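Visitor: mind looking at a prediction? Sequence and model below.
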Amino acid sequence: MIELKDAVKAYKNGVKALNGVNLTIHQGEFVYIIGPTGSGKSTLIKLLDGEEIPSKGSVIVAGINVGKLKHSKVPIYRRNIGVVFQDYRLLERKTVFENIAYALEVIDAPKNIIRRRVREVMNLVGLDDKGNAFPSELSGGQQQRVAIARAIANKPKVLIADEPTGNLDPTKSDEIMVLLEKINREENTTILMVTHDEALVNKHQKRTIVLESGVIVADTFQGGYFKHD
């Protein structure tokens, strides 16, 4: 599903954000990406979603060599990737239903397909009764659920969750984690979760990849690998 071979990302100032990364993630895996600030986590995400291309080596996602994509093909490639951010990024003037539907409208999905899929993901994330609500009427946890529903609306092969619990209290963070596990299980979506939430990682133990200074220093199924900035 995801394969990095000797992936290097060097910037013009000489900084190597990633330095010879080799990584394989299989379809349906749920993987944490952790590491201190500046370790290369954000660069890894940018390589996977096509925002950046590797300086050397290769990045393969769902059989596509991302670094070889023509610029015009990147938006089509990104239909394979759902991304959830810490700050939700919802459209404030659209309802919950409209926010989720927007992800399908931009790829010209038929209206009947959009209605059916939006109802399906609203049920999946537990927001059946919030279709007509606006983001400002929702709690932070509910807004993140909408963002997750929007990210999985077109059934992406990979869901990247970039600090999805960063703005939430421990109880809401745990609820989002349980939701992501449900999506991973029921939709067979490969999930990469970037996080600093040590308690969450230790409670919901999964494969954990640790980055430091642009290299993988650990790839384990055990917790307790956090090093504080």
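Guide: Thanks, I have it. Numbers count the residues shown, from 1 in each chain.

Visitor: mind checking the SS state of the nearest residue to Gly126 once chain neighbours are set aside?
Guide: Once flanking residues are discounted, Gly126 sits nearest to Arg145: 6.6 Å by C-beta to C-beta, 6 or more residues apart in numbering. The C-beta positions use only the backbone N, C-alpha and C, and glycine is treated the same way. Under DSSP: H, G, I helix; E, B strand; the rest coil, the three-state class of Arg145 is helix.

Visitor: hang on, Arg145 packs against Leu179?
Guide: Yes - using C-beta atoms under 8 Å as the test, Arg145 is close enough to Leu179 to be in contact (6.6 Å).

Visitor: on that earlier part again, if I pick the residue nearest to Gly126, what's in contact with it?
Guide: If you count contacts by C-beta atoms under 8 Å, 6 or more residues apart in numbering, Arg145 has them with 125-127, 176, 179.

Visitor: among those, which pair sits farthest apart?
Guide: Leu127 and Ile176 (12.8 Å; C-beta to C-beta).

Visitor: higher neighbour count, the two?
Guide: Neighbour count, other C-beta atoms under 10 Å: between Leu127 and Ile176, Ile176 has more, with 23 against 20.

Visitor: need the overlap of contacts for Arg145 and Leu179.
Guide: Taking C-beta under 8 Å, 6+ apart as the criterion, Arg145 and Leu179 both touch 125-126.

Visitor: ok, back up a step: tell me the one among the contacts of Arg145 nearest to Val217.
Guide: The nearest one, if we look at these relative to Val217 and count by C-beta to C-beta, is Ile176, at 27.0 Å.

Visitor: quick revisit: can you put the contacts of Arg145 in JSON lines and add pLDDT?
Guide: As requested, these are exported to JSON lines (pLDDT from 0 to 100):
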{"residue": "Val125", "pLDDT": "96"}
{"residue": "Gly126", "pLDDT": "95"}
{"residue": "Leu127", "pLDDT": "96"}
{"residue": "Ile176", "pLDDT": "95"}
{"residue": "Leu179", "pLDDT": "95"}
